[in-house]
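Undergrad: For reference, the sequence and a predicted model appear below.
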Amino acid sequence: MADAVLTNTGAEERGLARVAQRMAAWTEKWFPDAYIFALAGVVIIAVAALAIGASPQSIADSFGNGFWDLTAFTLQMAMVVLTGYVVATSPPVAKLINRLALIPATARTAVSFVALMSMSVSFLNWGLSLVFGGLLARAIARRKDLTVDYRALGAAAFMGLGAVWALGLSSSAAQLQATAASLPPALLKITGILDFGATIFTWQSLLTLAILMALTTVIAHFSAPQGGAIRTAEDLGVDLDDEPSESAPRSRPGEWLEYSMILPILAGILTLGWLVSQFLTKPFLTVVSSLNGYLLVFLILGLVLHGTPRKFLQAVTKAVPATAGILVQFPLYAAMAAILTKATGHGGMTISAHLAEFFSDIGGGGAFAVVIALYTAVLGLLVPSGGGKWLVEAPYVMQSATDVQMNLGWTVQIYNIAEALPNLVNPFFMLPLLAVLRLRARDLVGFTFLQFLFHLPVVLLLVWLLGMTFQFVPPVMPAGQ
């Protein structure tokens, strides 16, 4: 059946893949940039605030005063992408990728192998998984002894972000909830601090991660085209030459440190010493939940792996464009969150309070979990955010979770599990990967849409069943609050 779904006998796909290709063509033509969705979201929320009786002045004040509430977190999320890109493009990782590319023995196992590796790397850093997966797909496509569908390889490389990214260490929502300094005060009062022990590292979350990884790998394997249906990189007109460009030779004495490994090695030693000290003096979960520590390690790791400051800075320059969407979108999410929680209308009620009432009326248990998951997935389809829209959803979702006595950590994970689903349909976050693969979104969406069809019912079943294994724990406030 899977072969029939993704078979190409000529110019067109068949079955579900054909539907998905048409959807991809439609979204490419009609979907505006994600920044437009964020701008529109601000306007819609402002109009909604007027509708509940908030004054224009209170709305404008909330917008302006809240716009920069998340400056630190915005920079941190941009650094997740940048550090992942820098590490993935370093020479040692490139050598590792070339060795890994020799492991698969058949075309189908090559596709499922790329999917599995992409998802595994995504647990560490979703930005790293995009570039790593793309480079691995290209390395396998260069093999002369194996004929693999390049579109299927590319879609498999996207599975780290398309299937499980928000269940990993770089989850925006989990990192935000674990970092008191990054939480807006209004949200901190509702949720308190939730370290990774309450979110990412619960057995329910890890079980969900394992199930989704296994499901994704199996689908990738059996949906990979075979025989005459295969379209290679050569068929698609893709150049697979990945030879790195050499740095310009040193031209003046003042540049010698730029071409020396001394400073990167010393910085690496300092970072390693700091990390050892953190693990010796603080609880394990406190250390691994620290977003600043996580980014420090990845940034210095990238510097050390590139060897010299000059090569490192060249990699950073190439990575910066991939951070643009985060830098300009996240302040708008902060402004939305401020209007939601601070612009009061009739009866002193905010939009957040009204939404919390609505979700609370659903009641606890499985119904609440399923509705929140569906709501997150639909909103994510319209507002691609890389987890940033948690800032918008969290005030009312977490308040309603408290009202119905749903575990707050699992509520964060419901969001995280469902947040990946829209990425399988909306091609926005494919852009960095597409640049590596040199393909178009429509080349991949036929495969990712098939994954979506299987993932959706499984995700809803998991959030419902596993949600019933939790007990409610009141918010834990940081010291001094």
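TA: Arrived safely. Source: prediction; values computed, not measured.
Undergrad: Surely Leu128 touches Gly84?
TA: Yes: if you go by CB atoms under 8 Å, Leu128 and Gly84 touch, sitting 3.4 Å apart. To be clear about C-beta, it is placed using only N, CA and C from the backbone, and glycine gets the same treatment.
Undergrad: which residues do these two both contact?
TA: Residues touching both Leu128 and Gly84 by CB atoms under 8 Å, 6 or more residues apart in numbering: Phe298.
Undergrad: In the protein, which helix is the longest?
TA: helix 441-467 (DSSP state H).
Undergrad: for the record, mean pLDDT for it?
TA: Averaging pLDDT along helix 441-467 yields 90.
Undergrad: Which residues in that helix does the neighbour count mark as buried?
TA: Residues 441-452, 454-456, 459-460, 462-464, 466-467 are the ones in helix 441-467 that count as buried (16 or more other CB atoms under 10 Å).
Undergrad: Ok, stretch 249-262 next?
TA: So for stretch 249-262, nothing qualifies as buried (16+ other CB under 10 Å).
Undergrad: contacting residues around it?
TA: Residues from elsewhere that reach stretch 249-262 (CB under 8 Å, 6+ apart): 247, 263, 307-310.
Undergrad: redo that, cut-off 7 Å
TA: Identification of contacts with stretch 249-262 by CB atoms under 7 Å, 6 or more residues apart in numbering yields 263, 307-310.
Undergrad: same thing with stretch 335-354?
TA: Identification of contacts with stretch 335-354 by CB under 7 Å, 6+ apart yields 41-42, 45-46, 48-49, 52-54, 58-59, 62-63, 65-67, 69, 184, 186, 391-392, 395-396, 399.
Undergrad: picking up where we left off before, distance between the longest helix of the chain and the chain's centre?
TA: 15 Å (CA atoms, centre = their mean, to the nearest Å).
Undergrad: list the helices and strands it packs on?
TA: Under the contact criterion of 3 or more CB pairs under 7 Å, 6 or more residues apart in numbering; DSSP states H and E, the helices and strands touching helix 441-467 comprise helix 15-30, helix 150-157, helix 203-223, helix 365-382, helix 408-419.
Undergrad: Could I get these in TSV, plus columns for mean pLDDT and mean neighbour count?
TA: Formatted as TSV, the helices and strands packed on helix 441-467 follow (pLDDT from 0 to 100; neighbours: other CB atoms under 10 Å):
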stretch	mean pLDDT	mean neighbour count
helix 15-30	59	16
helix 150-157	93	31
helix 203-223	95	19
helix 365-382	81	19
helix 408-419	93	27
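Undergrad: Including distance to Ser90, could those go into a markdown table?
TA: Output for the helices and strands packed on helix 441-467, formatted as a markdown table (distance: least, CB to CB, whole Å):
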| stretch | distance to Ser90 |
| --- | --- |
| helix 15-30 | 32 |
| helix 150-157 | 18 |
| helix 203-223 | 25 |
| helix 365-382 | 31 |
| helix 408-419 | 28 |
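Undergrad: just so I know, which of these lies nearest Gly192?
TA: Set against Gly192 and scored by CB to CB, these come closest in helix 408-419, at 7.7 Å.
Undergrad: who does the closest one touch, helix- and strand-wise?
TA: Using 3+ CB pairs under 7 Å, 6+ apart: helix 408-419 touches helix 172-178, helix 203-223, helix 365-382, helix 390-403, helix 441-467.
Undergrad: same thing but 10 Å
TA: Counting contacts by 3 or more CB pairs under 10 Å, 6 or more residues apart in numbering; DSSP states H and E, helix 408-419 is packed against helix 172-178, helix 185-191, helix 203-223, helix 365-382, helix 390-403, helix 441-467.
Undergrad: nearest to Ala233, of those helices?
TA: Nearest of the helices and strands packed on helix 408-419 to Ala233, taken as CB to CB: helix 441-467 at 10.8 Å.
Undergrad: so the closest one versus helix 365-382, what angle?
TA: Relative orientation of helix 441-467 and helix 365-382, computed by axes from the mean of the first three to the mean of the last three CA atoms, to 10 degrees: 160 degrees.
Undergrad: in the protein, what spans have low per-residue confidence?
TA: In the predicted model of the chain, residues 1-29, 31-34, 242-248, 250-251, 289, 363-365, 382-388, 426-429, 431, 479-481 satisfy pLDDT under 70.
Undergrad: Tell me which residue lies farthest from the centre of it.
TA: Pro253 (42.9 Å; CA atoms, centre = their mean).
Undergrad: residues of whichever helix or strand Leu340 is part of that come out buried?
TA: Assigned by DSSP states H and E, Leu340 belongs to helix 324-342. Buried residues in helix 324-342, defined by neighbour count with 16+ other CB under 10 Å: 325-326, 329-342.
Undergrad: Likewise for stretch 466-479?
TA: So for stretch 466-479, counting by 16+ other CB under 10 Å, buried means 466-467, 470.
Undergrad: For that stretch, what is the distance to the chain centroid?
TA: So, by CA atoms, centre = their mean, the centroid of stretch 466-479 is 24 Å from its chain's centroid.
Undergrad: Please shift the residue numbers so they start at 49 in all later answers.
TA: Taking 49 as the first residue, the last one we looked at is stretch 514-527.
Undergrad: coming back round to it: of the buried residues of stretch 514-527, which is the nearest to Tyr463?
TA: Gly515 (12.4 Å).
Undergrad: Report the contact partners of the closest one.
TA: Residues in contact with Gly515, defined by CB atoms under 10 Å, 6 or more residues apart in numbering, are 252, 412-418, 420-421, 454-455, 458-459, 461-462.
Undergrad: how about a cut-off of 6 Å?
TA: Each residue near Gly515 by CB atoms under 6 Å, 6 or more residues apart in numbering is listed here: 417, 458.
Undergrad: And it, how close does it get to Gly202?
TA: 34 Å (CB to CB, to the nearest Å).
Undergrad: likewise Pro357?
TA: Counting by CB to CB - Pro357 and Gly202 are separated by 33 Å.
Undergrad: got it, and Asp409?
TA: Distance of Asp409 to Gly202, given as CB to CB: 44 Å.
Undergrad: likewise Leu284?
TA: Taking CB to CB, one finds Leu284 at 10 Å from Gly202.
Undergrad: Next: Arg147.
TA: Per CB to CB, Arg147 is found 21 Å from Gly202.
Undergrad: ok, now Phe180?
TA: Separation of Phe180 from Gly202 (CB to CB) stands at 13 Å.
Undergrad: which residues touch Leu403?
TA: Tyr444.
Undergrad: Can you tell me the element it falls in?
TA: With DSSP H and E as the criterion, Leu403 is inside helix 399-410.
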